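[1] Predicted coordinates and the sequence they were generated for:
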Amino acid sequence: DIRDRRAQLKKDLKDGRAHIEDILLDPPDYVSTAKVFDMLVAVPKFGRVKAARLLNQCRISQSKTVGGLSERQRAELVNLFHQR
C-alpha cells in the first residue's frame, strides 16, 4: 500500500499536481521513509545530477529519508528550490 501511494505521489510530482516544497515541509506518513533524492528526481527538469548537486549544497546525504531531515535541512532545501 505504501509503495503504491509513493508511486502515485511521484507521478503527481512529475505531472505538476503535487509540489515538492509541500511534501518536504509537511510530509505525509507514507513518505517519511522515502529517500529525499528519489523525491527530487521525480520533479520535472530534475535529474540525478541536479538532485545530487542540490543535496550536496545543503550538506544532506543522498541516503537521507524525508522523515530524517532536520528543520534546518528542510528550510534550506525549500529555499534553494525556490531559487531555481
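    Perfect, thanks for sending it. Numbering: from 1, shown residues only.

[2] Give me the buried positions along the lowest-mean-pLDDT helix or strand in the chain.
    Sorting the helices and strands of the chain by mean pLDDT, DSSP states H and E puts helix 71-83 at the bottom, at a mean of 90. Across helix 71-83, burial judged by 16 or more other Cβ atoms under 10 Å covers 73-74, 76-78, 81. From N, CA and C alone the C-beta is placed, and that goes for glycine too.

[3] now stretch 7-20
    In stretch 7-20, the ones that count as buried by 16+ other Cβ under 10 Å are 9-10, 13, 18, 20.

[4] Now do it, average pLDDT.
    Mean per-residue pLDDT for stretch 7-20: 94.

[5] Identify the residues contacting that stretch?
    Under the criterion Cβ atoms under 8 Å, 6 or more residues apart in numbering, residues 23, 28, 30-31, 38-40, 42-44, 81 lie in contact with stretch 7-20.

[6] now do 10 Å
    The contact list for stretch 7-20, computed with Cβ atoms under 10 Å, 6 or more residues apart in numbering, reads 23, 25, 28, 30-31, 34, 36, 38-44, 46, 77-78, 81.
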